[in-house]
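Participant: sharing a model prediction with you, sequence too.
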Amino acid sequence: MKFLEYNSTRDVVFILGAGASHPDGVPLQKHILPMILSKDDNEIKNSLIGSEVLKFINENFHFYPKDEVYPQLEAVFGFLDYFIQQSESLNSYYTNTKLVEVREYLIKLIHHIVNIETDKPSKYYHDFWETIIDENRNVSIITLNYDTLLEHSFVPFHKKKIGFIDYCTHLMNYEKGENLKEFNFWINPRGPIKSSEFIDPVSFKVIKVHGSLNWKYCNCCNQVLLTTWDRKIDLEHGKLIGIKYPDGEEYEYVCPIDGTELQTLIMPPSFVKNWNNPILSQLNNEASREIRIANKIVFIGYSLSNADVHIKALLKKHINDGKEICVINPKKEYELKTNYLSLNDNINFVNNSFEELVTDKTILKNLLSSD
């Protein structure tokens, strides 16, 4: 048995935005609300959750589908969050309690939309991991994405006994109780590892600061259950659904420790971010430490928009003047440059998409160089 150790400094910290998953079909944030409001999506329109959200948006926002003019998702959440935080009602129908319900329904619709394109392998993320493993393993990854393409693409390398994904939070899956035995498949990379199975393994931190589709949260014991393949939501009742193999029978997830109904764990795109969830707060702290000890920070597919004030605050606090920063983005827009130059003057902008970066590999290899 052996314990894996992290280096005291990190050669490279990657920060991934939606542009990294978009080549595989995962929608950008600006696409999510139009997809929800699409008249062609009967699954959403005919469900209880979908009909309630559509009713709320139609009554409180104007949009023009023919001209592709829609409200910002942040604006919808911001409107909801105003009343919820003030403990006010909007009217006799939209009481404060009802608005909390609508907000949760909207989060579940986001979960549903993003999950549509997640259940498949990703060539781009596979190539990303392959280059990291070949060139420099002293890296960590902070991702703002909910999808699980990054982790699923690591599976072939785990099977080759190369290493582990460390989500940087305690999972119920690490417990050995009888009621958790079917979830013990995920190895705790911060515990003792059987050295006979992995000759020279390495652990990679994957810090999902906005949560993940395959995390199920219990608000009673305040713990996360990792269900790598089960990400489905019943849009009629809002339940998180599991599937029994091999018969395909569906069942509703409850906490295996205390029987509480499990919840989604994704932070929605709102101008007002709530860090009360202990898991997300912990991950924010972990991300802070990684940024602080990194020699180089590489942003991929991320615009650092004004809605992400919490991310900018985190970066401003922990990026010093000498830190090397590289921004990989196919667009060299003035606003994009302005957003990043507010962090640091030492920034290299590379006009490439994520798929170009991992397919060519020359730039990525240079980024991974510790020189």
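Facilitator: Perfect, thanks for sending it.

Participant: and the helix or strand of the chain with the lowest mean pLDDT, how far out from the chain middle?
Facilitator: Within the chain, confidence by mean pLDDT, DSSP states H and E is lowest for helix 334-341 among all helices and strands, at a mean of 84. If you compare the mean C-alpha spot of helix 334-341 with that of the full chain, they lie 23 Å apart, counting by CA atoms, centre = their mean, to the nearest Å.

Participant: could I have the CA atoms of it written out in CSV?
Facilitator: Taking only C-alpha atoms (Å, rounded to 0.1, in the frame of the first residue of the first chain), the coordinates of helix 334-341 have been written out as CSV:
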residue,chain,number,x,y,z
TYR,A,334,-11.8,43.5,-27.4
GLU,A,335,-14.1,42.6,-24.5
LEU,A,336,-12.4,39.3,-24.0
LYS,A,337,-9.0,40.8,-23.8
THR,A,338,-10.2,43.6,-21.5
ASN,A,339,-11.7,41.0,-19.1
TYR,A,340,-8.4,39.1,-18.8
LEU,A,341,-6.1,42.1,-18.8
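
Participant: who are the packing partners of it?
Facilitator: Using 3 or more CB pairs under 8 Å, 6 or more residues apart in numbering; DSSP states H and E as the contact criterion, the neighbours of helix 334-341 among helices and strands are strand 324-328, strand 347-350. For glycine as for every other residue, the C-beta is placed from the backbone atoms N, C-alpha and C.

Participant: pretty sure Ile110 sits against Ser270.
Facilitator: No - Ile110 sits out of contact with Ser270 when judged by CB atoms under 8 Å, with a separation of 11.3 Å.

Participant: so which of these two has more stuff around it?
Facilitator: In this view Ile110 and Ser270 are compared by other CB atoms under 10 Å, and Ile110 has more residues nearby, 24 against 18.

Participant: number of residues surrounding the residue nearest to Tyr302 when sequence neighbours are not counted?
Facilitator: Nearest residue to Tyr302 in three dimensions, chain neighbours excluded: Gly17, at 2.7 Å (CB to CB, 6 or more residues apart in numbering). Other residues near Gly17 number 24, with proximity taken as other CB under 10 Å.

Participant: pLDDT value on Val358, please?
Facilitator: Per-residue confidence for Val358 comes out at a pLDDT of 95.

Participant: that one belongs to a helix?
Facilitator: Yes - secondary structure of Val358 (DSSP: H, G, I helix; E, B strand; the rest coil): part of a helix.

Participant: what sits against it?
Facilitator: Val358 makes contact with Tyr124, Tyr125, Asp127, Phe128, Thr131, Leu364, according to CB atoms under 8 Å, 6 or more residues apart in numbering.

Participant: going along the chain, name the helices of the stretch 251-371 of the chain.
Facilitator: Along the stretch 251-371 of the chain, the stretches classed as helices by DSSP state H, counting those that start in this stretch are 278-293, 309-318, 334-341, 354-360, 362-368.

Participant: relative to Tyr64, which of these is closest?
Facilitator: The closest approach between Tyr64 and any of the helices of the stretch 251-371 of the chain, judged by CB to CB, belongs to helix 334-341 at 24.2 Å.

Participant: show me what stretch 323-337 is in contact with.
Facilitator: Outside stretch 323-337, the residues that touch it by CB under 8 Å, 6+ apart are 19, 294-304, 319, 340, 343-344, 346-354, 356-357, 363, 367.

Participant: buried residues, that stretch. List them.
Facilitator: Residues Lys323, Ile325, Cys326, Val327, Ile328, Asn329, Leu336 are the ones in stretch 323-337 that count as buried (16 or more other CB atoms under 10 Å).

Participant: what do you get for stretch 50-67?
Facilitator: For stretch 50-67, the neighbour count (16+ other CB under 10 Å) marks Gly50, Glu52, Val53, Leu54, Phe56, Ile57 as buried.
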